[in-house]
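> okay, predicted coordinates and the sequence, questions at the end:
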Amino acid sequence: MQTENKKPAVFLDRDGVLIEENSYIAFVENINIFPYTAECIRQIHKKGYYAIVITNQSGVARGLFTEEELWEMNDYLIKQTGVDSVFYCPHHPEGIMEKYNMTCNCRKPGTGMFEAACMEFGIDMQRSYMIGDRADDIIAGQNAGIRTVLLESGYGTARLEKSVTPDYILKDLRDVIEIL
Ligand SMILES: [Zn+2]
């Protein structure tokens, strides 16, 4: 069902989906974008979807990097891959940085980042997808009521923290283009 002229979105986790998984990526120099990412984003746009990053960045709450350093990484990611926007959660309930030490609604599997993206872009959620490599990505997408795709390009399905039932399990972002 198409809603007015709203465009759907492909919501993308960052680490393990667009860039190589690496426990805490704190600097632009730590970002290794997969060689196929920019072309995949171009294809996602061509098929009529926004490409929007939805990422938990508790490294801010943990004091590993600042929010300003995260903005730098986000700008770099946008320039290098062509994604439309990056929504991030800097919080963690056990963070050491007082400003970010909280239980929030944006940290996946919460849906706050989807809601923020909808406010800014006006998204047709019925035709949208969440793409991730972790259980919480899939649960977040399901909590937002959209279709979900689990990719094996990050930690791999063998390392899932919880058992989840995504709509699709695919190898990497290139396979996602085929189902759009
Ligand atoms: Zn948050």
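Right, received. Where do you want to start? Numbering: from 1, shown residues only.

> remind me, longest strand of this protein?
Identified as the longest strand of the chain according to DSSP state E is strand 50-56.

> ok, residues contacting it?
By Cβ atoms under 8 Å, 6 or more residues apart in numbering, the surrounding residues in contact with strand 50-56 are 7-15, 18, 41, 44-45, 74, 77, 81-89, 107-108, 113-114, 117, 121, 123, 130, 136, 140. No exception for glycine: its C-beta is placed from N, CA and C like everyone else's.

> which stretches in the chain count as helices?
37-46, 67-81, 112-121, 135-143, 173-179 (DSSP state H).

> of the ones you listed, which is nearest the ion?
helix 112-121 (6.3 Å; Cβ to the ion).

> with just CA atoms, put the closest one into CSV.
Written as CSV, here are the backbone C-alpha positions of helix 112-121 (Å, rounded to 0.1, in the frame of the first residue of the first chain):
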residue,chain,number,x,y,z
GLY,A,112,13.4,6.6,19.0
MET,A,113,15.8,6.9,16.0
PHE,A,114,13.2,5.7,13.6
GLU,A,115,10.7,8.2,15.0
ALA,A,116,13.3,11.0,14.6
ALA,A,117,14.0,9.9,11.0
CYS,A,118,10.2,9.9,10.3
MET,A,119,9.9,13.4,11.7
GLU,A,120,12.7,14.7,9.5
PHE,A,121,12.0,12.8,6.3
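
> and the angle from it to helix 135-143?
50 degrees (axes from the mean of the first three to the mean of the last three Cα atoms, to 10 degrees).

> which ones are touching S23?
Per Cβ under 8 Å, 6+ apart, neighbours of S23: none.

> for it, phi and psi?
phi -40, psi -60 (degrees, to the nearest 10).

> tell me the pLDDT at it?
With respect to pLDDT, S23 scores 75.

> tell me the spacing between it and the ion.
Distance of S23 to the ion, given as Cβ to the ion, to the nearest Å: 20 Å.

> mind starting the numbering at 37 from now?
That works, and once the first residue is 37, the last one we named lands at S59.

> what about stretch 74-88, how long is it end to end?
End-to-end span of stretch 74-88 (Cα to Cα, to the nearest Å): 13 Å.

> wait, isn't I175 in contact with V200?
Yes - between I175 and V200 there is a contact at 6.3 Å, judged by Cβ atoms under 8 Å.

> show me what from this structure comes close to the ion.
C125, H127, C140, C142, R143 (Cβ under 5 Å from the ion).

> is it true that the third one touches G146?
Yes - here C140 lies in contact with G146, judged by Cβ under 8 Å, at a distance of 6.8 Å.

> more crowded one of the two?
Using other Cβ atoms under 10 Å as the criterion, C140 and G146 rank with G146 on top: 20 against 14.

> which ones are touching the more buried one?
Contacts of G146 by Cβ under 8 Å, 6+ apart are C125, C140, A176, N179.
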